[in-house]
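K.L.:
give me a 3D structure for the following:
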Amino acid sequence: MDLYPAIDLRGGRAVRLHQGNFARETDYGAPLALARGFLDAGASWIHVVDLDAARTGVPGNRETIFAIAKLAVGTGAAVQAGGGIRSETDVEVLIDGGVARVVLGTAAVEMPDLVARVASRYPGKVAVGLDYRRVDGRSEVAVRGWEAGSGRSVTDVLDELRPVELGAVVVTAIERDGTLAGPEIDGLVEVLRATQVPVVSSGGVATADDLAALAHLVVEEGAFERRLAGAIAGKALADGRLTIGEALAACAPSG
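P.N.:
From the prediction side, this is the model:
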């Protein structure tokens, strides 16, 4: 299982939100310094989100994303980036700027034709981000920087996108994001059963044990087993509660 250290960008700074609440923000300083620390410690991926763009649809941190991508490529690592990607041009610009995989969130719900087009144009380089809250016992996808509900369940969206050849599905349990409360396993099991696309988990990771639990999560579907392809960790790494070394060891098969 791959580790994706997370860097969320707002106003040119690296920040973390609590449960997606823009009023509950922690500032972690210069994004490039944070990225350099992750890379120097051995991270092979960095997950970057432009929170300003996710909220408004207007790119606010693109040059910072390009700088992180350049830094990553220089170490043999890769960047996965999302937030406010709502056009084919957005995808093109990010990939041309060195991003290895782009994540479409709101567009996955509101513009599935766009997702299909860019996934065909850039095989393996397009993912969908499905960020959800539990509403009346089901996982409802949130859009526009998590500020609006879509009325669609995670499985509804995945069913609609089934014909599209995606590089990954990034699933975020919003209630766990930034809380250090542990991952939301039930939601991940639901997603693993609903799609054959590689699934990357996000939200709640606090300890190496949390990552080990994700790495060993197995869902049996007939004769096949489904496992997570990756896990995103943000606040625990930024706070220093968890080191990259500890996280990578927990993600390994023997972790």
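
K.L.:
give me every residue that touches Leu114.
P.N.:
Contacts here follow C-beta atoms under 8 Å, 6 or more residues apart in numbering; on that basis Leu114 touches Arg86, Ser87, Glu88, Leu104, Ala107. (C-beta placed from N, C-alpha, C; glycine too.)

K.L.:
isn't the third one up against Val118?
P.N.:
Yes: using C-beta atoms under 8 Å, Glu88 is in contact with Val118, at 5.7 Å.

K.L.:
and those two? Which one has more around it.
P.N.:
Each of Glu88 and Val118 had its neighbours counted (other C-beta atoms under 10 Å), and the higher figure belongs to Val118 (23 against 13).

K.L.:
now for the residue lying closest to that one once chain neighbours are set aside: which residues touch it?
P.N.:
Distance criterion C-beta to C-beta, 6 or more residues apart in numbering; nearest residue to Val118, sequence neighbours excluded, is Val91 at 4.6 Å. Applying C-beta under 8 Å, 6+ apart, one finds that Val91 lies in contact with Ile85, Val102, Leu104, Val118, Arg121, Tyr122, Val126.

K.L.:
assign Val91 to helix, strand or coil.
P.N.:
Secondary structure of Val91, reduced to three states by DSSP: H, G, I helix; E, B strand; the rest coil: helix.

K.L.:
any idea of the pLDDT on Gly230?
P.N.:
On pLDDT, Gly230 comes in at 98.

K.L.:
how about the helices in the stretch 151-255 of the chain?
P.N.:
Along the stretch 151-255 of the chain, the segments classed as helices by DSSP state H, counting those that start in this stretch run 154-160, 185-194, 208-215, 235-239, 244-251.

K.L.:
ok, now which ones touch the residue nearest to Arg10 when sequence neighbours are not counted?
P.N.:
The shortest distance from Arg10 to any residue other than its chain neighbours is 4.4 Å, reached at Leu51 (C-beta to C-beta, 6+ apart). Leu51 makes contacts with Asp8, Leu9, Arg10, Val15, Leu17, Phe22, Gly83, Gly145, as judged by C-beta under 8 Å, 6+ apart.

K.L.:
note down every partner strand of whichever strand or helix holds Glu25 and its orientation.
P.N.:
Here Glu25, judged by DSSP states H and E, is contained in strand 21-27. With DSSP bridges as the test, strand 21-27 is paired with strand 13-18 (antiparallel).

K.L.:
low-confidence regions, the stretch 1-150 of the chain specifically.
P.N.:
Scanning the stretch 1-150 of the chain for pLDDT under 70 picks out 145-149.

K.L.:
if you set the cut-off to 80 instead, what comes out?
P.N.:
For the stretch 1-150 of the chain, the stretches flagged by pLDDT under 80 are 18-21, 134-139, 143-150.

K.L.:
okay, helices next: where are they in it?
P.N.:
Assigned helices in the stretch 1-150 of the chain, in chain order: 31-40, 51-56, 62-74, 88-96, 106-110, 112-121 (criterion: DSSP H, counting those that start in this stretch).

K.L.:
adding distance to Thr195, write these out as a markdown table.
P.N.:
Converted to a markdown table, those look like this (distance: least, C-beta to C-beta, whole Å):
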| stretch | distance to Thr195 |
| --- | --- |
| helix 31-40 | 28 |
| helix 51-56 | 22 |
| helix 62-74 | 27 |
| helix 88-96 | 21 |
| helix 106-110 | 12 |
| helix 112-121 | 14 |
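
K.L.:
ranking the ones you listed by burial, who's on top?
P.N.:
Mean neighbour counts were compared across the helices of the stretch 1-150 of the chain using mean count of other C-beta atoms under 10 Å; the top stretch is helix 106-110, at a mean of 23.
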